[in-house]
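>>> the sequence and its predicted three-dimensional model are supplied below.
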Amino acid sequence: MSKKKELLPMPSLGGRPEHCLSCGYPLEGLPAPGACPECGLEFYGGLTMLQIAGVAKRGPGPAWRKPVWVVLFIGTFLWIQSAALLWMMGVFWISLLLFVSLVAGLTAMGVTARQGSVGSEYFAITCAGFGRIPVGGKARITEFVRWGEGTPAVRIERVGKYWAKIRLVRKVPDAKPEVLLDAGFRCPAEDLQVVEQLIVRLISGEGLEDRDSIPGYEKSVLMASDVRYHQGA
């Protein structure tokens with residue numbers, strides 16, 4: 001019997017994380033508000049974090065892969081054109097050697113591509129930036145991206161009933177726009193505007209204290225995680 005694939009979690013709100021989103025230092029027992037003793041990243045009490053789960057778009061990869069693919073495709077084309085001729089000339093071993101080399105090269109490129117694939121992640125978004133945490137992995141955090149100079153622009157597009165794309169782009173004067181996040185994530189289509197507004201407030205430093213004023217918030221999936229904190233948030 002095949003194992004049923006587990007769905008990614010819906011967007012949720014969270015308070016102070018158990019570990020620092022930047023360096024992984026344990027924050028349990030430290031008074032809030034405060035700062036991580038290891039890296040100085042600030043944390044606060046109450047609801048201060050939005051978590052969405054999804055899959056980030058894979059980067060272009062190392063620059064050397066493209067010319068290697070070109071060489072392999074050209075080699076495959078030439079082998080197809082000359083294999084029969086080499087066989088008729090009695091130097092079939094050259095054809096066989098080329099074939100083995102091409103197969104080995106294509107296999108190696110395929111294996112290294114799979115090793116560089118991106119799995120499911122939590123994107124923990126705060127006023128300082130966002131952390132990337134593997135879903136179901138042992139690592140607490142893989143990367144923390146600070147908002148830095150300039151205000152990142154948020155763009156969310158619906159893909160399906162429960163799937164959307166998010167793109168965070170930081171624009172700084174006299175510099176090329178920097179893509180901070182380009183990913184797909186799980187979220188009901190009717191709650192996308194709520195999620196976008198929450199992210200805008202976090203990026204601007206406004207926080208989540210006045211989240212109830214966002215149209216549609218009280219009917220969104222985010223209320224499932226908010227109820228636990230209502231009295232203390």
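The structure has been received and is ready for your questions.
>>> let me know the secondary structure of the residue nearest to residue 196 when sequence neighbours are not counted.
Closest residue in space to residue 196, ignoring its immediate chain neighbours: residue 156 at 4.8 Å, by CB to CB, 6 or more residues apart in numbering. (C-beta placed from N, C-alpha, C; glycine too.) Per DSSP: H, G, I helix; E, B strand; the rest coil, the local secondary structure of residue 156 is strand.
>>> residues in contact with residue 156?
Shown in contact with residue 156 (CB atoms under 8 Å, 6 or more residues apart in numbering): 164-167, 192, 195-196.
>>> just the ones in helices from those residues, please.
Among the contacts of residue 156, DSSP state H puts 192, 195-196 in helices.
>>> pLDDT below threshold where in this protein?
Filtered on pLDDT under 70, the chain yields the residue ranges 1-5, 58-65, 69, 78-79, 86, 90-92, 109-118, 137-142, 227-233.
>>> what about the strands in it?
12-14, 34-35, 42-43, 49-56, 120-125, 129-134, 143-146, 153-158, 163-170, 178-186 (DSSP state E).
>>> any idea how far the residue nearest to the spatial centre of the chain lies from residue 167?
Nearest residue to the geometric centre of the chain (CA atoms, centre = their mean): residue 56, 3.1 Å. Residue 56 sits 11 Å away from residue 167, going by CB to CB, to the nearest Å.
>>> repeat that for residue 174.
In this view, residue 174 and residue 167 are 22 Å apart by CB to CB.
>>> these two touch, right, residue 201 and residue 209?
No - using CB atoms under 8 Å, residue 201 is not in contact with residue 209, being 9.1 Å away.
>>> who's more crowded, the two?
residue 201 (19 against 13; other CB atoms under 10 Å).
>>> please name the residues that touch the closest residue to residue 199 other than its chain neighbours.
Nearest non-adjacent residue to residue 199, counting by CB to CB, 6+ apart: residue 154, 5.1 Å away. For residue 154, the contact set (CB under 8 Å, 6+ apart) comprises 166-168, 196, 199-200, 203.
>>> for these, give me JSON lines that also has distance to residue 124.
Shown next, in JSON lines, are the contacts of residue 154 (distance: CB to CB, whole Å):
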{"residue": "166", "distance to residue 124": "13"}
{"residue": "167", "distance to residue 124": "18"}
{"residue": "168", "distance to residue 124": "13"}
{"residue": "196", "distance to residue 124": "17"}
{"residue": "199", "distance to residue 124": "12"}
{"residue": "200", "distance to residue 124": "17"}
{"residue": "203", "distance to residue 124": "14"}
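>>> from those residues, keep the buried residues only.
Buried members of the contacts of residue 154, counted by 16 or more other CB atoms under 10 Å: 166-168, 196, 199, 203.
>>> pull the number of nearby residues for the closest residue in space to residue 217 that isn't next to it in sequence.
With CB to CB, 6+ apart as the criterion, residue 217 has its nearest non-adjacent residue at 5.3 Å, and that residue is residue 194. Residue 194 has 23 neighbouring residues, counting by other CB under 10 Å.
>>> which residues touch residue 194?
214-217, 220, 222.
>>> show me the residues you listed that map onto helices.
Among the contacts of residue 194, none falls in helices (DSSP H).
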